[in-house]
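> Below is the sequence, then the predicted model.
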Amino acid sequence: MSKKRTKVKVCCGPRCLSRGANHLMEKIKKAADADSYDIEPTACLGCCDFGPNMLVNENFVLGVTKYTALDEIKKAAQITPPTASDKKSNLDKTLKEDILGDLS
């Protein structure tokens, strides 16, 4: 069987579960195209105050509802995650701005 295109991990930490993550995952499984998505539960993703949360490929999606889940998955699946080089460049830029801002 070939690898599925989009990985969807639904947070099943205590806070997200108390906000309906289990029902959300079932709804996504029923409504999503099984050939396009690999849907599975995962441990806490953090950002508990915004839950239920998902990780779509490498993109966080916070505050998901059963009404927005499929649209959010489609949007997040189209975003190309930053490369390691992009992350380093962004970090360097942020550090320079913070350091220069402190000196002025």
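Done, it's in. Not measured: the values here are computed from a predicted model.

> Could you use CA atoms for every contact and neighbour count after this?
Will do.

> Need the three-state assignment for M25.
Following DSSP: H, G, I helix; E, B strand; the rest coil, we place M25 in the helix state.

> Surely it and V10 touch.
Yes. With contact defined as C-alpha atoms under 8 Å, M25 reaches V10; the gap is 6.5 Å.

> Looking at those two, which one has more neighbours?
Neighbours per residue, other C-alpha atoms under 10 Å: of M25 and V10, the larger number sits with V10, 28 against 22.

> Can you name the residues bridging to the more buried one?
On the basis of DSSP bridges, V10 is bridged to P41, M54.

> neighbouring contacts of stretch 37-57?
The contact list for stretch 37-57 (C-alpha atoms under 8 Å, 6 or more residues apart in numbering) reads 4-17, 19-21, 25, 28-29, 60-65, 73, 76-77.

> Figure out the length between the terminal residues of it.
In stretch 37-57, first residue to last residue: 10 Å (C-alpha to C-alpha, to the nearest Å).

> export the longest helix seen in the chain as CSV, just CAs?
Among the segments of the chain that qualify as a helix by DSSP state H, the longest is helix 84-103. Output of helix 84-103 as CSV, limited to C-alpha atoms (Å, rounded to 0.1, in the frame of the first residue of the first chain):
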residue,chain,number,x,y,z
ALA,A,84,15.7,23.8,8.3
SER,A,85,17.6,26.6,6.5
ASP,A,86,14.4,28.8,6.5
LYS,A,87,14.0,28.2,10.3
LYS,A,88,17.6,29.1,10.9
SER,A,89,17.4,32.2,8.8
ASN,A,90,14.2,33.3,10.6
LEU,A,91,15.8,32.7,14.0
ASP,A,92,18.9,34.7,13.1
LYS,A,93,16.7,37.6,11.8
THR,A,94,14.6,37.5,15.0
LEU,A,95,17.7,37.4,17.3
LYS,A,96,19.3,40.3,15.4
GLU,A,97,16.1,42.4,15.7
ASP,A,98,15.8,41.7,19.4
ILE,A,99,19.5,42.4,20.1
LEU,A,100,19.5,45.6,18.0
GLY,A,101,16.2,46.7,19.6
ASP,A,102,17.7,46.3,23.1
LEU,A,103,20.7,48.4,22.1
